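A.B. asks: Give me a 3D structure for the following:
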Amino acid sequence: MKTLISLFFATILSGTTYSQKETCDCKTDLDFLIVKMKEMPSYKHQIKKQKKEAFFQEQYNAIATQMNEPLAVYKCYLLLNEMMGTLTDIHATVLSNTIPLSNENAKDSVTVAKFIASSEFANHPSAINNLTELRSALERKPKDALEGIYYYGDHLIVGIYAKGDEKYEGVVLASNVPIWVPGQVYLHVRKSGDNQYDVASYNLTTKKMYHIKSIAFENGRLFNLVKDRKTKDYSLVPEENSDWEYKAINKNTAYVHFGTFDRGSANKNMADVFYEDHKDNFNVANIIVDLRNNRGGSKKLSDPFYKLFKKSGAKIYILTNQFTGSNGEQFTVQLKKINGALHLGQTTWGIVSYGFNYGRSYTTPSKFFDVMPTDMDFHTKFFKYEDVGVVPDRALEINRSWIDQTLAFIEAK
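C.D. replies: Next up is the predicted model:
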């Protein structure tokens with residue numbers, strides 16, 4: 001039997017409408033996307049080698065049937081990324097080319113006022129619901145349910161509710177940002193795994209759409225939205241940390257944080273300097289290697305540190321959270337092979353077995369989107385972690401310092 005809240009949602013969601021008027025020939029863009037997908041290593045491993053072409057065609061047909069007429073641009077964007085999601089390849093994505101308000105214009109109050117008065121602002125997707133009743137219903141949702149009320153810092157209050165077919169929508173309930181008003185849609189969510197979701201959201205400042213795959217919902221957090229904004233979340237790397245951080249915690253324990261292994265020349269130079277400055281500081285009993293929020297990059301930057309830590313003979317304690325991705329995850333797998341290493345924290349992102357070498361993008365026929373296909377292949381070594389992540393040996397509590405919790409493990413050994 002349906003609960004009263006379920007019946008309530010069925011009633012108010014029947015009134016959800018969208019007013020975005022700009023449309024595109026999405027089917028042509030879909031066919032363009034398919035050509036690029038078939039060139040990716042993930043397609044070759046998961047479809048061609050597994051002889052799953054019929055399955056891939058079924059997925060294509062199911063999405064193509066929703067494109068029999070021109071679609072609103074945002075709807076096309078969601079469907080193109082849904083098709084890309086047919087492959088277990090978290091790096092691969094479709095980007096939006098539409099930027100309603102540039103970062104520079106967002107700083108100018110006159111330009112912002114003109115934008116708010118424009119048809120583009122008026123045509124932003126909106127959910128026509130009784131927001132007061134919606135908020136009341138969402139307030140009764142438990143913390144471990146995806147549906148509920150979320151906070152984006154002090155900027156927005158967003159209500160996420162089910163749309164059916166494992167899809168959700170997030171609507172602005174309150175805003176301190178001029179270009180966002182209650183009733184506007186802030187994000188679209190699609191369940192992609194046991195506790196993972198694909199999120200298509202709008203940039204807070206520019207309203208450009210972006211798409212992020214396989215985001216875990218943990219402890220009332222969905223990417224940058226949280227249900228509890230008052231309690232400090234220690235799973236996140238401390239704000240004061242730089243990308244290259246070293247501390248001598250005591251005479252027996254060294255701490256190092258790597259925020260990125262990006263191979264750009266500026267970061268490469270920082271990595272080289274950091275290595276030279278601290279290569280003699282790891283002759284200690286314990287090394288805490290903090291990879292929280294590590295954005296990945298190149299093994300050319302991470303490998304020297306792996307060799308350094310392995311040679312040190314120290315006990316390695318690895319910290320990861322759900323935002324540790326790409327080469328940060330590959331580095332985690334390497335470190336776990338060092339004798340006696342202990343992996344602590346949260347399961348990593350699971351964006352690990354493919355990647356971008358040249359990072360080329362291809363503009364679709366409509367000009368509204370760019371396809372970003374992957375061209376690097378780590379399938380054989382890392383595919384078991386793709387869309388799953390690297391699971392820690394011990395989970396850490398998010399409401400207590402992760403460094404203090406790690407030190408407790410060190411003292412207890």
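A.B. asks: Please count neighbours and contacts with C-alpha atoms only from this point.
C.D. replies: Will do.
A.B. asks: How much space separates the nearest residue to residue 410 once chain neighbours are set aside from residue 164?
C.D. replies: In space, residue 410 comes closest to residue 286 once its chain neighbours are excluded; the distance is 7.8 Å by C-alpha to C-alpha, 6 or more residues apart in numbering. To residue 164, residue 286 is 50 Å away according to C-alpha to C-alpha, to the nearest Å.
A.B. asks: between the two, which one's more packed in?
C.D. replies: More neighbours surround residue 286 than the other of residue 286 and residue 164, with 23 against 11 (other C-alpha atoms under 10 Å).
A.B. asks: Hmm, residue 317 and that one touching each other?
C.D. replies: Yes - counting by C-alpha atoms under 8 Å, residue 317 is a contact partner of residue 286 at 7.4 Å.
A.B. asks: For the stretch 151-300 of the chain, which segments count as helices?
C.D. replies: 265-278, 299-312 (DSSP state H, counting those that start in this stretch).
A.B. asks: Comparing those, which comes out most buried?
C.D. replies: helix 299-312 (a mean of 16; mean count of other C-alpha atoms under 10 Å).
A.B. asks: Next, the angle from that one to helix 265-278.
C.D. replies: If you take axes from the mean of the first three to the mean of the last three C-alpha atoms, to 10 degrees, helix 299-312 sits at 10 degrees to helix 265-278.
A.B. asks: packing partners for helix 299-312?
C.D. replies: Packing contacts for helix 299-312, counted by 3 or more C-alpha pairs under 8 Å, 6 or more residues apart in numbering; DSSP states H and E, involve helix 265-278, helix 327-336.
A.B. asks: Any chance you could list what contacts that helix?
C.D. replies: Helix 299-312 is contacted from outside by 261-263, 268, 271, 275, 279, 282-284, 287, 316, 327, 331, 334-335, 338, using C-alpha atoms under 8 Å, 6 or more residues apart in numbering.
A.B. asks: What of stretch 380-397?
C.D. replies: So stretch 380-397 is contacted by 88-90, 214, 234-235, 320, 329-330, 332-333, 342-353, 402, 405 (C-alpha under 8 Å, 6+ apart).
A.B. asks: start to end distance for that stretch?
C.D. replies: 33 Å.
A.B. asks: Could you measure from residue 236 over to residue 150?
C.D. replies: Separation of residue 236 from residue 150 (C-alpha to C-alpha) stands at 17 Å.
A.B. asks: before we move on, what about residue 346?
C.D. replies: 21 Å.
A.B. asks: Could you do residue 118 as well?
C.D. replies: Using C-alpha to C-alpha, one gets 28 Å for the distance from residue 118 to residue 150.
A.B. asks: The two: which is more packed in?
C.D. replies: residue 150 (26 against 11).
A.B. asks: Excluding covalently adjacent residues, which one is nearest to the most centrally placed residue in the chain?
C.D. replies: The chain has residue 212 as the residue nearest its centroid, 4.5 Å off, counting by C-alpha atoms, centre = their mean. Leaving aside its chain neighbours, residue 212 sits nearest to residue 199 (5.2 Å; criterion: C-alpha to C-alpha, 6+ apart).
A.B. asks: Show me what that neighbour is bridged to.
C.D. replies: On the basis of DSSP bridges, residue 199 is bridged to residue 189, residue 212.
A.B. asks: Could you give the number of residues near residue 318?
C.D. replies: Neighbours of residue 318 using other C-alpha under 10 Å come to 25.
A.B. asks: Low-confidence stretches in this protein?
C.D. replies: The model of the chain has pLDDT under 70 over residues 1-21, 128.
A.B. asks: Setting the sequence-adjacent residues aside, check what's closest to the residue in it sticking out farthest from the centre.
C.D. replies: Going by C-alpha atoms, centre = their mean, the residue of the chain most distant from its centre is residue 251, 37.4 Å out. Sequence neighbours aside, residue 284 is the residue nearest to residue 251 in space, at 7.3 Å (criterion: C-alpha to C-alpha, 6+ apart).
A.B. asks: so what's the one you found up against?
C.D. replies: Taking C-alpha under 8 Å, 6+ apart as the test, what residue 284 contacts is 251-254, 312, 314.
A.B. asks: let's go with 7 Å and repeat that
C.D. replies: 252-254, 314 (C-alpha atoms under 7 Å, 6 or more residues apart in numbering).
A.B. asks: burial count for residue 41?
C.D. replies: Residue 41: 22 neighbours (other C-alpha under 10 Å).
A.B. asks: Tell me the backbone dihedrals of the residue lying closest to it once chain neighbours are set aside, please.
C.D. replies: Setting aside the residues directly before and after it, residue 41 is nearest to residue 377 in space (C-alpha to C-alpha, 6+ apart), at 6.0 Å. Phi and psi for residue 377, reported as degrees, to the nearest 10, are phi -130, psi 110.
A.B. asks: Same question for residue 52.
C.D. replies: Dihedral angles (degrees, to the nearest 10) for residue 52: phi -110, psi 30.
A.B. asks: Tell me how many other residues surround it.
C.D. replies: Using other C-alpha under 10 Å, residue 52 is surrounded by 12 other residues.
A.B. asks: Would you mind measuring from it to residue 45?
C.D. replies: Distance from residue 52 to residue 45, by C-alpha to C-alpha: 10 Å.
A.B. asks: what's the answer for residue 175, then?
C.D. replies: 45 Å.
A.B. asks: ditto for residue 244
C.D. replies: Here the distance between residue 244 and residue 45 works out to 36 Å (C-alpha to C-alpha).
A.B. asks: So which residues make contact with stretch 191-198?
C.D. replies: Stretch 191-198 is contacted by residues 166-167, 189-190, 212-217 when judged by C-alpha under 7 Å, 6+ apart.
A.B. asks: If I follow the layout properly, residue 232 ends up in contact with residue 401?
C.D. replies: No - counting by C-alpha atoms under 7 Å, residue 401 is not a contact partner of residue 232; they are 9.5 Å apart.
A.B. asks: shared neighbours, these two?
C.D. replies: Here residue 232 and residue 401 have no joint contacts, going by C-alpha under 7 Å, 6+ apart.
A.B. asks: Please point out which parts of stretch 355-363 sit buried.
C.D. replies: 355, 361-363 (16 or more other C-alpha atoms under 10 Å).
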